[in-house]
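Student: generate a structure from the sequence data that follows.
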Amino acid sequence: MRPRWRYVTAVLAATVGLPFAFVGASGGSAGAASSSKTPITIAYVTDLTGEGASQNGSSPSGFYARIDLQNAEGGVDGHKIVGIVIDDQTSPSEISTAVQSAVSKAFGIVSQSPLFFLAAKYPQQAGVPVTGTYDDGPEWGTQPYTNMFASDEGSVDPKYPVNTELGNFLKSKGATVLGSYGYGISPSSSRAAIATADSFEHAGGKVGVLDTTVTFGSVDFTSAALVAKQAGIDAFDPSMDSDSNYALATALAQAGVKIKVALYASGYEPSVINSPVWSTVQGSYFLTPFRPWDLPNAGTRAMQAAMEKYAHFTKADFPTLGQYEAWAGADLMIKGLELAGPNPTRAAVIKDLRGLKSYSVNGLLPASINYSTIFGHDPAKVCAWVMVAKKTGFVPESSNPVCGTDIPGTSTASAG
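Tutor: Okay, here's the model as predicted:
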């Protein structure tokens, strides 16, 4: 399986039961932009409430900032872009309503929802282009969902093969016995935990604990820490949400488990710095699939300037993963509109994005995506930058990302 940048929050998340809500302006063209230069509406579907809000609640600022930047430059061929944000409430019973509303009100959809796979059939059947993050499920690389374009990785191999990246990195840092943890209720979380364990074994390490039965959202790891101590783990890589990950780290420290290497696939966010857990994670490694602002290039400078101007970021701020994903999803949708000509249609955007052979979110990704060949596959090489938690904040371990390749013949698709 490819390394995952955040867990899929809840395939079976509890229904929140809040009224369905829109945030933002509505309007624009649902099917085609007319020659009168009417606005084009893009809908952003994410978690403003419910369990996913801790990860995605602030993400709309990245979506809006990218749209505001485009409009400041004249829109797309004279068409103003209008953004609307739709709350899926992290609820399986509300995601269909959210996505169907997006289909009816917007030209295209940007998804930052862990539940989008439950409603992906609606935009597919309506011929609506969808961009965003692949993390919710394998539909991004599965027929008939050729209308979907993951702006962070391009596609998904439905077999979820094991990748060498995480195992090699852990081993290179001196890890010898690994603890890998995932939620039992989430196939994505449990697959990630299994894949990390398999990757580490492939790199020559030993797996002391592989626990894929953790209760969703759990913060009680007292027993798990004792098991880890008995197994002699000196490294761990949790595939859960930040609250669970940090509770596990705290429990391991309290139990006297001597950890050489702690690797987090999520958590590289400003809110962690100076939080109660900050001292616990000192020296830990955090992955980011998007180029950190500490390593500036044209893409980071453009995003930073826009976030400062439109999202009121300070010079010391940097984006959350959700804000990165929202920016990238909006950017790719805008790219599709630009490719489709002065009077874009949904069909033209889908066709032109499927023919796009090089895309990197203006250099925010470690490698370019070729959408003409990626569908149903993983990239030839998967990469991420590594940040280290220091007393004063996050510091890049290197200016270069760490990378890995899929291990032939492996699959975690049947893991639950």
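Student: what is the burial count for Gln143?
Tutor: 10 (other Cβ atoms under 10 Å). From N, CA and C alone the C-beta is placed, and that goes for glycine too.
Student: return the distance of it relative to Tyr160.
Tutor: Taking Cβ to Cβ, to the nearest Å as the criterion, Gln143 is separated from Tyr160 by 17 Å.
Student: again, but for Tyr44
Tutor: 27 Å.
Student: try Pro238
Tutor: 18 Å.
Student: same check on Lys390?
Tutor: 33 Å.
Student: of those two, who's got more company?
Tutor: Tyr160 (25 against 11).
Student: and the more buried one, what's its pLDDT?
Tutor: Per-residue confidence at Tyr160 stands at 84 (pLDDT).
Student: I'd guessed it sits against Thr412; true?
Tutor: Yes: here Tyr160 reaches Thr412: they are 4.6 Å apart, a contact under Cβ atoms under 8 Å.
Student: wait, a strand at Pro238?
Tutor: Yes: Pro238: assigned to a strand according to DSSP: H, G, I helix; E, B strand; the rest coil.
Student: for Val402, which non-adjacent residue is spatially closest?
Tutor: Phe169 (5.2 Å; Cβ to Cβ, 6 or more residues apart in numbering).
Student: ok, now which ones touch that neighbour?
Tutor: For Phe169, the contacting residues are Leu263, Tyr285, Val386, Val402, Gly404, by Cβ atoms under 8 Å, 6 or more residues apart in numbering.
Student: Tyr134 and Asp157 touch, don't they?
Tutor: No: the criterion here is Cβ under 8 Å, and Tyr134 misses it with Asp157 at 10.3 Å.
Student: find the residues that touch each one of the two.
Tutor: Counting by Cβ under 8 Å, 6+ apart, the contacts common to Tyr134 and Asp157 are Gly141.
Student: where does the stretch 151-300 of the chain have low pLDDT?
Tutor: Of all residues in the stretch 151-300 of the chain, none has pLDDT under 70.
Student: all helices for the stretch 251-400 of the chain, in order.
Tutor: 298-310, 321-339, 346-354 (DSSP state H, counting those that start in this stretch).
Student: and those helices, which is most packed in?
Tutor: helix 321-339 (a mean of 26; mean count of other Cβ atoms under 10 Å).
Student: what angle do that one and helix 298-310 make?
Tutor: Inter-element angle recorded for helix 321-339 and helix 298-310: 100 degrees (by axes from the mean of the first three to the mean of the last three Cα atoms, to 10 degrees).
Student: could you break this protein into its assigned domains?
Tutor: 22-153+297-354, 164-288+382-404 (automatic domain parsing).
Student: out of those, flag the one nearest Gly376.
Tutor: Ranking the domains of the chain by proximity to Gly376 (Cβ to Cβ) places domain 22-153+297-354 first, at 4.4 Å.
Student: distance between that closest one and the chain's centre?
Tutor: 14 Å (Cα atoms, centre = their mean, to the nearest Å).
Student: please enumerate the strands of the stretch 201-350 of the chain.
Tutor: 206-214, 235-239, 261-264, 285-288 (DSSP state E, counting those that start in this stretch).
Student: could you do the stretch 51-200 of the chain as well?
Tutor: 81-87, 108-112, 130-132, 148-150, 177-183.
Student: got a markdown table for those, with mean neighbour count too?
Tutor: Below are the strands of the stretch 51-200 of the chain laid out as a markdown table (neighbours: other Cβ atoms under 10 Å):
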| stretch | mean neighbour count |
| --- | --- |
| strand 81-87 | 24 |
| strand 108-112 | 31 |
| strand 130-132 | 28 |
| strand 148-150 | 27 |
| strand 177-183 | 27 |
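Student: what's the closest of those strands to Glu73?
Tutor: Across the strands of the stretch 51-200 of the chain, closest to Glu73 is strand 81-87 (Cβ to Cβ), at 10.5 Å.
Student: same for that closest one, what does it pack against?
Tutor: Packing contacts for strand 81-87, counted by 3 or more Cβ pairs under 8 Å, 6 or more residues apart in numbering; DSSP states H and E, involve strand 22-24, strand 40-46, helix 60-72, helix 95-105, helix 321-339.
Student: and those as JSON lines, adding mean pLDDT and distance to Trp293?
Tutor: What follows is those, written out as JSON lines (pLDDT from 0 to 100; distance: least, Cβ to Cβ, whole Å):
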{"stretch": "strand 22-24", "mean pLDDT": "42", "distance to Trp293": "26"}
{"stretch": "strand 40-46", "mean pLDDT": "98", "distance to Trp293": "22"}
{"stretch": "helix 60-72", "mean pLDDT": "98", "distance to Trp293": "13"}
{"stretch": "helix 95-105", "mean pLDDT": "97", "distance to Trp293": "30"}
{"stretch": "helix 321-339", "mean pLDDT": "97", "distance to Trp293": "10"}
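Student: using a markdown table, lay out the ones you listed together with distance to Ala305.
Tutor: Formatted as a markdown table, the helices and strands packed on strand 81-87 follow (distance: least, Cβ to Cβ, whole Å):
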| stretch | distance to Ala305 |
| --- | --- |
| strand 22-24 | 22 |
| strand 40-46 | 21 |
| helix 60-72 | 8 |
| helix 95-105 | 29 |
| helix 321-339 | 12 |
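Student: of these, which is nearest Phe313?
Tutor: helix 60-72 (8.4 Å).
Student: give me the angle between that closest one and helix 298-310.
Tutor: Going by the same axes, to 10 degrees, helix 60-72 makes 100 degrees with helix 298-310.
Student: and helix 60-72, what's buried?
Tutor: Within helix 60-72, the residues that count as buried by 16 or more other Cβ atoms under 10 Å are Pro60, Ser61, Gly62, Phe63, Tyr64, Ala65, Arg66, Ile67, Asp68, Leu69, Gln70, Asn71.
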